[in-house]
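Participant: model this:
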Amino acid sequence: MELEAVQLDMGIKVVNLPETRVLKLEGSWTVRRAHELKQILTEALTNSESFVLETEALEEADISFLQLLCSTHRASLRLGKSFMLHDKKSMFFKQLVYDAGFKRNLGCHRDPHVGCLWIGEWEPWTRQS
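Facilitator: Presented below is the predicted three-dimensional model:
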């Protein structure tokens, strides 16, 4: 089976797998691109039952980026869809989550499975498998 990979714009690549869509972000995603990111996430949420965000090549982001991911996760729960972060995370992203205080030990009360995007090992010095 051939996978469909589409380069949407500078800094994002979409891979459509049989069961899910993977959004691969790279480069800079700060408040300057928040509106663009919101549109991309909204489109994925609207047109996919399941999608994953890969941040392995993310080099720059800020609190607006984290807030949009949180909002997208809450919306996916409300709609009965799945939005997750890929295991491949850049050291920058791990540092941002840790420094911004988003790291959690307990899941969001809105998730019936007590999950949360921010649960797990976020310390930048810790490798994730």
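Participant: could you use CA atoms for every contact and neighbour count after this?
Facilitator: Will do.
Participant: tell me the pLDDT of the residue nearest in space to the middle of the chain.
Facilitator: The structure's the chain has its C-alpha centroid closest to Leu53; by C-alpha atoms, centre = their mean the separation is 3.8 Å. If you check Leu53, the pLDDT there is 96.
Participant: what does stretch 56-71 rub up against?
Facilitator: Stretch 56-71 has contacts (C-alpha atoms under 8 Å, 6 or more residues apart in numbering) with 24-31, 34, 37-38, 88-93, 96-97, 100, 117.
Participant: which of those residues are buried?
Facilitator: Among the contacts of stretch 56-71, those classed as buried by 16 or more other C-alpha atoms under 10 Å are 24-26, 28-30, 34, 37-38, 89-93, 96-97, 117.
Participant: please state the offset of stretch 42-62 from the chain centre?
Facilitator: 4 Å (C-alpha atoms, centre = their mean, to the nearest Å).
Participant: now stretch 87-102
Facilitator: Averaging C-alpha positions (C-alpha atoms, centre = their mean) puts stretch 87-102 11 Å from its chain's average.
Participant: got the CA positions of it in PDB?
Facilitator: Provided in PDB are the C-alpha atoms of stretch 87-102 (Å, rounded to 0.1, in the frame of the first residue of the first chain):
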ATOM      1  CA  ASP A  87       6.900   9.500  20.400                       C
ATOM      2  CA  LYS A  88       9.400  11.400  18.300                       C
ATOM      3  CA  LYS A  89       9.800  14.700  20.000                       C
ATOM      4  CA  SER A  90      12.600  17.200  19.500                       C
ATOM      5  CA  MET A  91      14.800  18.100  22.500                       C
ATOM      6  CA  PHE A  92      13.600  21.700  22.100                       C
ATOM      7  CA  PHE A  93       9.900  20.600  22.400                       C
ATOM      8  CA  LYS A  94      10.600  18.600  25.500                       C
ATOM      9  CA  GLN A  95      12.400  21.500  27.000                       C
ATOM     10  CA  LEU A  96       9.500  23.900  26.100                       C
ATOM     11  CA  VAL A  97       6.900  21.600  27.700                       C
ATOM     12  CA  TYR A  98       9.000  21.200  30.800                       C
ATOM     13  CA  ASP A  99       9.900  24.900  31.200                       C
ATOM     14  CA  ALA A 100       6.400  26.100  30.500                       C
ATOM     15  CA  GLY A 101       5.100  23.900  33.300                       C
ATOM     16  CA  PHE A 102       2.800  21.800  31.100                       C
END
